[in-house]
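K.L.:
Provided below for reference: sequence and predicted model.
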Amino acid sequence: MTDANRLVILDRDGVINEDSDDYIKSPAEWIAITGSADAIARLNQAGYTVVVATNQSGVGRGYYDLATLDAIHTKMHHTVESAGGHIDGVFFCPHAPEDDCDCRKPRPGLLDQIRDYLGYPVTGAWLVGDSLRDLECGLARDCRPVLVRSGKGERTLARGLPTPLADIPVFDNLAAFAHHLTS
């Protein structure tokens, strides 16, 4: 597929799986949000490429290592596959905030990695997140940001969205977004 209009970029924590202010530090702590794996399968069946772009500063902070992160992502892949779907790529920033990297959202480095991996611009892709930094990252590369109320989404809404994001679509969760997009 070579059309960014058929690309959905998902944040991980709070969108696909339950979030935690204490970080998701093991596969046992990774718990899919009800309906999220089915939502990804529904998007796939409708012809969408689905990738994940996630900040994982727990690696940079020393809370877990890359092998553990890989095990968490393996569980995520298996969960989605058991629902009949697949994730075409997982892109993550392992850095702590003080590392000042270009891949930590809201900076768009992860989107540039996705562009390079897929071989086409991400302009016009859907970007689904639960935090302001997810949405700002999407705007930086002219994606179509979508906020979900799951995870930290309610907190994000309560703080108010800045003008460029004031009119973006808001859904209860990934399942509601996928239903809207594919109906």
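P.N.:
That came in fine, so what should we check first?

K.L.:
residue boundaries of the strands in the chain?
P.N.:
Along the chain, the segments classed as strands by DSSP state E run 7-10, 49-55, 89-93, 126-129, 144-148, 170-171.

K.L.:
could I get the fourth one in PDB with only the CA atoms?
P.N.:
Looking back up the chat, that one is strand 126-129. Extracted as PDB, the C-alpha positions of strand 126-129 are listed here (Å, rounded to 0.1, in the frame of the first residue of the first chain):
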ATOM      1  CA  TRP A 126      -4.600   9.300  10.700                       C
ATOM      2  CA  LEU A 127      -2.700   9.600  14.000                       C
ATOM      3  CA  VAL A 128      -4.600   8.400  17.000                       C
ATOM      4  CA  GLY A 129      -3.400   9.400  20.500                       C
END
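
K.L.:
List the buried residues for stretch 140-160?
P.N.:
For stretch 140-160, burial by neighbour count (16 or more other C-beta atoms under 10 Å) applies to 140-141, 143-153, 156. Every residue, glycine included, has its C-beta placed from N, CA and C.

K.L.:
What of stretch 29-41?
P.N.:
Buried, per 16+ other C-beta under 10 Å, within stretch 29-41: 30, 32, 33, 35, 36, 37, 38, 39, 40, 41.

K.L.:
what's it in contact with?
P.N.:
The contact list for stretch 29-41, computed with C-beta atoms under 8 Å, 6 or more residues apart in numbering, reads 10, 15-18, 20, 24, 50, 72, 75-76, 79-80, 82-87, 150-151, 173-175, 177-179.

K.L.:
Give me the buried subset of these.
P.N.:
Applying 16+ other C-beta under 10 Å to the contacts of stretch 29-41 flags 10, 15-18, 24, 50, 72, 75-76, 79-80, 83, 85, 87, 150-151, 173-175, 177-178 as buried.

K.L.:
In helices, which of those fall?
P.N.:
Of the positions in the buried ones among the contacts of stretch 29-41, 72, 75, 76, 79, 80, 174, 175, 177, 178 sit in helices, assigned by DSSP state H.
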